[in-house]
Structure formats: C-alpha cells, structure tokens
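[1] fold the following.
(chains A and B)
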Amino acid sequence: MTSFHWAIAGIWGLLILASVIVFVISKRSEKDVSELVQRTQSWWVMIGIFTVAFLVSPVISIIVFGLISFLALKEYFSMIPTRRADRRVLLWAYLSIPIQYFWVYDSYYGMFAVFIPVYMFLFLPFASLISQQTDGFLKSVGTLNWGLMLCVFSISHAAFLITLPPVTDGGAGGPGLLLFLVFLTQFNDVAQYTWGKMFGRHKIIPGVSPNKTWEGFLGGVGTTFVLAVFTAPLVTPFSLGHAAAIGLIIPVTGFVGDVTVSALKRDLGVKDTGSLIPGHGGILDRIDSLTFTAPIFFHFTRFFFY
Amino acid sequence: MLQKIFYIFIKIAVLFLLGLNVRRKELLPDTGPAIIVANHNSHLDTMVLMALMPLDRLKDIKPVAAADYFFSSPRMAWISEHVLGIIPVERSGADKSIDPLQGCYDALEQNKVLILFPEGSRGEPEKMTDLKKGVSYIAERFPDVPVVPVFTHGLGKALPKGSWLLVPFFCDIFVGDAFNWTGDRATFMTTLQERFQTLSKEKNFASWE
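    Numbers count the residues shown, from 1 in each chain, chains lettered A, B, ... in the order given. Predicted structure coming up:
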C-alpha cells in the first residue's frame, strides 16, 4: 500500500468512528437526530463514490467532477429567476461543462484557464441578445455568468489537480493533491459545524448566516490546520511551511465560500439549494466551500510546484 | 413490454436530465381504482408521473389525453395506445350520443389508475388556468374512488408548449392527500382548486418570465 492508500483508509477510519459516535448519540439522545443520521448515511455514499473514482482511474474522477458541475449548475438555474427567452442560452451554458472538462482531461492548461472566463463570458451575453429581449438582459447575463463561475469553472480546478504529475519520485502526484483538497475542505465544514454546535455563542455574520459563530469558525480553522500539517507529508509535496499556510487558507476560504452561497440562498428566500443529498440539502450546499477552496488551492500549488 | 422498455429510458432521462424533488411520494396511488389529478405545463408531465410508478404497475396507469392531438394520425395513435397507454377524450364532443368520458369510466371499473389534467391544455407554462369540469363527472360516478392532487413545477421550464428543446431543470412534484367526492360538482371543483392552491404555496418558486 502506498501512502495515498493509507490516506484513503484513514478517511474510512474517520467515517466509521463518526458513524459509531452518531449511533451512540441516536440511542441516547431524546431529541430528534434523524437529520444527523441521514447526513452520516449520505457521507457513506459520497465517500464511497469518491473512493471508487480515485481507485479506478483519473478519467472516472474527472467525469465525476463533470457530473457534480452539471448537477450544481442545474440546481443553480432551477433556483434563480430566469427568463423564458434565455432557454437556449442556458443550454449553451450546460454545454460548456463537457468542453471545460475535456480541457481538464487533455491537461490543456492554457485553454482550461481561459475558456470560461474569456470565451463563455463573452459568448453568453451575445447568445442572450439574439432573442432581442432586452428587459432583464443585464441581470440575466450577470446571474448566468456567475453560475458558470461557481459551478463549472471553480469546481473544474479540483479536477485539474488530478492530472498533475508527481513532483518527486514516488510522490502521490495529482490524485494526492485532490484528495488533500477535498478531504480538508469537507472536514473543515464538519469541524466548523461541530465546534459551532458545541460551543457556539458569538455570531460571526448574523445578517447572512445566523447559525455561524466565531467559536465554530475558529475551532474549525484550528482543527483543519492541525490535520493539514499532519496529513500533508502523506499525499502532497508540501513542506511544513506550505502545509501550515494551506492549513489556514483552506478553512478560511472554505468559510467564505459557504457564506457566499448562504447569501445567495437568503436573497432567493430558500433554505437549501435542493434536496439531492439527504440530510445535507442540495449539491451546492455540499460544495459551496469547494467553489472557493478549489481554485485557491490549485493556484497555490501551481505557483509553488508547477 | 414495449411500454416497460420505453419507460426505463424515460426513468433514466428524467432522473439525469431533470432530477425530481418529490414530496410525499408514498401518497401517489399505484393500484386502482384511483384518480391522479395534476396541473399541466408540458408533455413531460405525463412522462414524469409515469416514471414515478413501479415498472410492473405501468400497465394499469392510464393518462387521459386529447384524442384530436394524440390520436391524430395512425402512427401517433398506435404509440399513444400501446406505449403511452393513453385513454383518448374527444375535446370538441362532436358526437353527443357517446359520453366522451366513457373510456375513463371503463378504466376505473377495471381498477385502473387515471391521470387527469383538468386544465385541458398545457397553456402558458407554469401558469395555472381554470379547471375543466370533466373530472367532477368522473368523481360523481365513482364517489368512493380516491382523488389525489399532484402539483408540479419546473416541467414547463424544461419543455414548454411549442418547443422541442429540452433544457435541464430540477422539477418539484408535490403530492397532496387523497380526497373523495364531496356531494356536488361545484364544491368538488372548489375543493380541487383549493388543494392545488395549497400545494403550489409549499415553496417559493423562482420567477420565470
């Protein structure tokens, strides 16, 4: 077994430990904990899918991320106000997903980096004006472009990691970096939530997300930081300094991503972005922090190592 | 057999391209006699309701649809009857000697589940129009048969009337509690109208203009 496999085994160990704790809580607690149980069950499914994708081939992982982008974009378009005249434009936006993930598969960094922010962002407004309906044009262009940014461009950075070659002989390379990013981002979500539930008192940004607290935020940052420092040598080429820096960057940007999607939901008056993942809500609820951590982590890694 | 194969594809397409958010699926009757009453925005309405049913129950689920549209040509009629399992209803009612709803009565007597769209036409997508009274005649004749209201949202965005371009959207399917014949047609129609009202207010839908 390589250190990469040990890392995956460690994640399963954590999941089993968490499931045992949730089981004990559900037996002892008199309160309704069915949502917590559902959440845990959904984690089994999600971690199962990721493990299979990781172990089978990078291509499967890229396809899985493409599907995540598709589901997230579909959730976004279903949630926001759209114009009937823009039906065709939405279809173009969806079509950018296979193309963007093809650049990932092809490791064509130059095109990967500009396809959405240059070509799609210029093309979609044009596609939209063809219907000659200018009422709500600006709002439509703004919302569609931002949807592509969050759901497709950002998330595809996570997938691009997997195509990166190992920096040192025998290193875990791209798959290790992707595992590190996704694990820390998701773990940080859970850690911030758990710290907040247990010790949360002082609200951090009540106008956007009333359940978020300073205790949850700082507890999450601390836990993720420690975990990043300890797991970085297993799957990444990071030195202690790099690991410490990214151990702060991931939880902080993850938090920002989370509250950004919260602001969007609050504006639209919805509680969850969807109902795809039992106990969690929609897929955007699950990947909200990843929409920020993925590009930031990618460029951090690229700047120092590639 | 043909119908099963067709709906296996539909189930996959509905799950992948659309994605459904179904509330209270357990209230949806898959054994008859029963009447499912839904609002009508798109050709997808029937497909989606059928796709929610177990495959081996499909032969007993009968969508009721306009004869002038679905039985307009021999080829269309064959597909409508054998694949979609449609019961035709004459909208114009040219021949007064035959009750246009006779097919519905027969089906209920054979313990089938009817799917009715009392708006009559798909109309403007995602806007409900007045309900046609046909459903109340059926309920009056079968006062013990449960009537299950189903409100759908989003299908008219995915495939509105007049378009062949399917654009993916998540769709909401809200199933309401079953109710029975109320004693007279007017109160029955108001009850039905109110049920739809309540279901449609369960969620703030994104505007679509």
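
[2] can we go C-alpha only for contacts and neighbour counts from here?
    Will do.

[3] can you give me the helices in chain B?
    B:2-13, B:44-51, B:67-70, B:74-82, B:102-109, B:134-141, B:155-158, B:185-200 (DSSP state H).

[4] contact residues of chain B facing chain A?
    Within chain B, the positions near chain A by Cα under 8 Å from any Cα of the partner chain are B:21, B:154, B:157, B:167-171, B:204-209.

[5] among the helices of chain B, which is the most enclosed?
    Of these, the one with the most neighbours on average (mean count of other Cα atoms under 10 Å in any protein chain shown) is helix B:155-158, at a mean of 25.

[6] on contacts alone, who are the packing partners of that one?
    Here helix B:155-158 touches no other helix or strand, going by 3 or more Cα pairs under 8 Å, 6 or more residues apart in numbering or on different chains; DSSP states H and E.

[7] what's the burial count for residue B:163?
    Residues within reach of residue B:163, counting by other Cα atoms under 10 Å in any protein chain shown, total 9.

[8] now it: how far from chain A?
    Distance, residue B:163 to chain A, using Cα to the nearest Cα, to the nearest Å: 10 Å.

[9] kindly report the same for residue B:59.
    29 Å.

[10] now that residue, nearest residue through space, not along the chain?
    Nearest non-adjacent residue to residue B:59, counting by Cα to Cα, 6 or more residues apart in numbering or on different chains: residue B:85, 7.3 Å away.

[11] and the one you found, what does it touch?
    For residue B:85, the contacting residues are B:59, B:61-63, by Cα atoms under 8 Å, 6 or more residues apart in numbering or on different chains.

[12] any idea how far it lies from chain A?
    Distance from residue B:85 to chain A, by Cα to the nearest Cα: 31 Å.

[13] helices and strands around the least confident helix or strand in chain B by mean pLDDT, which ones?
    Across the helices and strands of chain B, mean confidence by mean pLDDT, DSSP states H and E is lowest for helix B:67-70: a mean of 81. Judged by 3+ Cα pairs under 8 Å, 6+ apart, helix B:67-70 is in contact with helix B:74-82, strand B:87-89.

[14] ok, residues contacting the last one?
    Counting by Cα under 8 Å, 6+ apart, the neighbours of strand B:87-89 from elsewhere in the structure are B:62-67, B:70-71, B:81, B:100-101, B:103-104.

[15] contacts only, for the residue in the stretch 201-306 of chain A positioned nearest to chain B.
    Here the residue of the stretch 201-306 of chain A nearest chain B is residue A:275; by Cα to the nearest Cα that distance is 6.5 Å. By Cα under 8 Å, 6+ apart, residue A:275 lies in contact with A:281-283, B:21.

[16] inside strands: which ones of those?
    residue B:21 (DSSP state E).

[17] around the closest residue to residue B:86 other than its chain neighbours, count how many other residues there are.
    Distance criterion Cα to Cα, 6+ apart; nearest residue to residue B:86, sequence neighbours excluded, is residue B:63 at 5.0 Å. Counted with other Cα under 10 Å, the neighbours of residue B:63 add up to 23.

[18] with residue A:26 instead?
    Considering only other Cα under 10 Å, residue A:26 is surrounded by 16 other residues.

[19] one more: residue B:118?
    Burial of residue B:118 is recorded as 21 neighbouring residues (other Cα under 10 Å).

[20] kindly report the same for the one 4 residues further on.
    Counted with other Cα under 10 Å, the burial measure for residue B:122 works out to 22 neighbours.

[21] got any ranges where the chain has weak pLDDT?
    Here I'm looking at chain A. Scanning chain A for pLDDT under 70 picks out A:170.

[22] switch to chain B, please.
    Ranges of chain B meeting pLDDT under 70: B:92-97.

[23] residues of the helix or strand hosting residue A:178 that come out buried?
    Element membership for residue A:178 (DSSP states H and E) is helix A:173-199. Residues A:173-189, A:191-196 are the ones in helix A:173-199 that count as buried (16 or more other Cα atoms under 10 Å in any protein chain shown).

[24] and if you look at stretch A:106-113?
    Buried residues in stretch A:106-113 (16+ other Cα under 10 Å): A:107, A:112-113.

[25] how far does it sit from its chain's centre?
    Stretch A:106-113 sits 20 Å away from the centroid of its parent chain (Cα atoms, centre = their mean, to the nearest Å).

[26] leaving out chain neighbours, which residue sits closest to residue A:79?
    residue B:206 (5.7 Å).

[27] same deal with residue B:105?
    residue B:138 (6.9 Å).

[28] how about residue A:153?
    Among residues not flanking residue A:153 along the chain, residue A:116 sits closest, at 6.5 Å (Cα to Cα, 6+ apart).

[29] tell me how far that neighbour lies from residue B:29.
    According to Cα to Cα, to the nearest Å, residue A:116 and residue B:29 sit 46 Å apart.

[30] out of those two, which sits in the busier spot?
    residue A:116 (22 against 19).

[31] so what's the more buried one up against?
    Contacts for residue A:116 (Cα under 8 Å, 6+ apart) come out as A:96, A:100, A:148-149, A:153.

[32] for those, which single residue is the most surrounded?
    Counting by other Cα under 10 Å, top hit in the contacts of residue A:116: residue A:153 with 26 neighbours.

[33] relative to residue B:190, how far out is that one?
    Remark: distance between residue A:153 and residue B:190 (Cα to Cα) = 49 Å.

[34] also residue A:215?
    Distance, residue A:215 to residue B:190, by Cα to Cα: 53 Å.

[35] I'd assumed residue A:116 was in a strand, is it?
    No: per DSSP: H, G, I helix; E, B strand; the rest coil, residue A:116 lies outside any strand segment and is helix.

[36] alright, calling it a day.
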